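From the sequence below, what's the structure:
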Amino acid sequence: MADAALRLKSLVEQVLGTPLPVRIRAWDGSEAGPPEAPALVVRNRRALRRLLFKPGELGLARAWVAGDLDIDGDLYTALDLLAELIWERGEDARTLGQALRDPEVRAAVRGLVKLAGPPLPPAPPAEEIRRRRGHLHTRRTDKRAISHHYDVGNDFYELVLGPSMVYSCAYWPAPEDAGATLETAQRDKLELVSRKLGLKPGMRLLDVGCGWGSMAIHAAREHGVTVVGVTLSQEQAAYARKRIAEEGLTDRIEIRVQDYRDVTDGPYDAISSIGMAEHVGAEKYLEYARDLYALLKPGGRLLNHQIARRPQRDESAYSVDDFIDSYVFPDGELAPVGTTVGQLERAGFEVRDVEAIREHYAHTLRRWVANLEAGWDRAVRLVSPGRARVWRLYMAASALSFERNRIGVNQVLAVKTPESGASGLPLRSRTWN
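Numbers count the residues shown, from 1 in each chain. Presented below is the predicted three-dimensional model:
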């Protein structure tokens, strides 16, 4: 009799100490759990072995990327239910170790081991980055981390991001404007950054982490500035240069494959850093802020667009999300917005405006997920089934995190205010010129 789902559900609930909010569909075709809920599809026993050898988020991630686990039903609903069960409860190896003091939990784990079959740990999926010992956020490790995420093929990014090729939070109009597209919202974001920086013809802009050149092109074409864009991704740089040539802007935009720490040709009138600072790391953030401060002329502006996490009571307990660190943004770190503002001020900046646009990123991510799902077969051909599954999971889960205020995103406008105190900014906030 096919009963793997019922057995699995019972054993997992014993270990977790709470009912499962999703259905279980097992490899033998059996199902158990709430009939109206999305189904967590356990395709094979290997999924259980992955979870037993790496309890918690990393085991789940490996099973998902390998295709051993899947969701039947609305992905967002399923992730929301599972987030309450696992991620928000902090079910990792430490909490499991505490639970194993209970004889009934130990018996349930033995039942899972028996159900999982021969106790051989499956190899991690090929998409998982292989860790090396050493210091984080050196020029070498940062280049490797950026390459892991960005050098997966420009065709894949075109499919996900759409024609704008902007890989950061768009800026959406009021909800009643049903005609807004991803492309117009991204254009509005680039224009918002340009206005905050006060870009005017003849100015010189440094775009740190320039991606595929969208900000550089917008600033040069719409505001008449000259731009230097830096990236660590060879593929991004090649794509950006091609776009710039097609726009006829090669005399106004230079794209370099260069670490921001190696930029020495200041001063610049303005610096944009859009979705790049998450890669800097806590230990290097003050250095990052001081480097950008030194590259600006007196009165120059920095627009720092950065994802933020909620502060913790014990900040020393912060650890990077296992799935994101192993499959998406290796060595990436999030900081509370207050920490970011403090570091910019320590570097010498006067912080003049902080705009929280958290909800905007949720809208953006849902559009990216829809693009990926609409072009799924092509995405799989362009990268791999595992890589496509990484992106679908991380973008959908991130959308929920922004919607639930687990993480946010902020545009921080800072000025290298001269000794005279003349910031050059308008007296009324949000009246950009």
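
all strands of the protein, in order?
If DSSP state E is used as the criterion, the strands of the chain fall at 23-25, 31-32, 39-42, 69-72, 204-208, 226-231, 253-257, 268-274, 296-309, 350-356, 407-415.

Now mean pLDDT too, for the ones you listed, in a markdown table please.
Converted to a markdown table, those look like this (pLDDT from 0 to 100):
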| stretch | mean pLDDT |
| --- | --- |
| strand 23-25 | 95 |
| strand 31-32 | 94 |
| strand 39-42 | 96 |
| strand 69-72 | 96 |
| strand 204-208 | 98 |
| strand 226-231 | 98 |
| strand 253-257 | 98 |
| strand 268-274 | 98 |
| strand 296-309 | 98 |
| strand 350-356 | 97 |
| strand 407-415 | 98 |
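
Ok, which of those strands comes nearest residue 186?
Proximity to residue 186, assessed across the strands of the chain by Cβ to Cβ, is greatest for strand 268-274 (10.8 Å). All C-beta atoms are positioned from the backbone trio N, CA, C, and that covers glycine.

quick one: strands adjacent to that closest one?
The strands beside strand 268-274 in its sheet (DSSP bridges) come out as strand 204-208 (parallel), strand 296-309 (parallel).

now those strands in CSV, with distance to residue 47?
Compiled in CSV, the strands paired with strand 268-274 are given as follows (distance: least, Cβ to Cβ, whole Å):
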stretch, distance to residue 47
strand 204-208, 41
strand 296-309, 29
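
And the ones you listed: which comes nearest residue 10?
Ranking the strands paired with strand 268-274 by distance to residue 10, with Cβ to Cβ as the measure, places strand 296-309 first at 35.6 Å.

right, and residue 51 touches residue 57 too?
No: using Cβ atoms under 8 Å as the test, residue 51 is too far from residue 57 to be in contact (10.3 Å).

And the two? Which one has more around it.
Neighbour count, other Cβ atoms under 10 Å: between residue 51 and residue 57, residue 51 has more, with 21 against 18.

can the strands of the chain go into JSON lines with extra columns for mean neighbour count and distance to residue 160?
Listed next are the strands of the chain as JSON lines, based on neighbours: other Cβ atoms under 10 Å; distance: least, Cβ to Cβ, whole Å:
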{"stretch": "strand 23-25", "mean neighbour count": "21", "distance to residue 160": "28"}
{"stretch": "strand 31-32", "mean neighbour count": "18", "distance to residue 160": "33"}
{"stretch": "strand 39-42", "mean neighbour count": "22", "distance to residue 160": "24"}
{"stretch": "strand 69-72", "mean neighbour count": "18", "distance to residue 160": "19"}
{"stretch": "strand 204-208", "mean neighbour count": "25", "distance to residue 160": "21"}
{"stretch": "strand 226-231", "mean neighbour count": "24", "distance to residue 160": "18"}
{"stretch": "strand 253-257", "mean neighbour count": "18", "distance to residue 160": "21"}
{"stretch": "strand 268-274", "mean neighbour count": "25", "distance to residue 160": "17"}
{"stretch": "strand 296-309", "mean neighbour count": "21", "distance to residue 160": "18"}
{"stretch": "strand 350-356", "mean neighbour count": "15", "distance to residue 160": "25"}
{"stretch": "strand 407-415", "mean neighbour count": "21", "distance to residue 160": "18"}
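
so which of the ones you listed comes closest to residue 282?
When the strands of the chain are compared for distance to residue 282 using Cβ to Cβ, the nearest one is strand 296-309, at 11.5 Å.

what is the orientation angle of that closest one with strand 350-356?
In this structure, strand 296-309 runs at an angle of 30 degrees to strand 350-356, with axes from the mean of the first three to the mean of the last three Cα atoms, to 10 degrees as the basis.

Just the CA trace of strand 296-309, in PDB.
Only the C-alpha atoms of strand 296-309 are listed here, as PDB (Å, rounded to 0.1, in the frame of the first residue of the first chain):
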ATOM      1  CA  LEU A 296      33.900  63.100  -4.900                       C
ATOM      2  CA  LYS A 297      34.600  66.700  -5.400                       C
ATOM      3  CA  PRO A 298      33.400  69.000  -2.500                       C
ATOM      4  CA  GLY A 299      29.600  69.300  -2.800                       C
ATOM      5  CA  GLY A 300      29.400  66.100  -4.800                       C
ATOM      6  CA  ARG A 301      26.600  63.700  -4.100                       C
ATOM      7  CA  LEU A 302      26.400  59.900  -3.500                       C
ATOM      8  CA  LEU A 303      23.200  58.000  -4.100                       C
ATOM      9  CA  ASN A 304      23.500  54.600  -2.300                       C
ATOM     10  CA  HIS A 305      20.600  52.200  -3.200                       C
ATOM     11  CA  GLN A 306      20.900  49.200  -1.000                       C
ATOM     12  CA  ILE A 307      18.900  46.300   0.500                       C
ATOM     13  CA  ALA A 308      18.600  46.300   4.300                       C
ATOM     14  CA  ARG A 309      17.700  43.800   6.900                       C
END
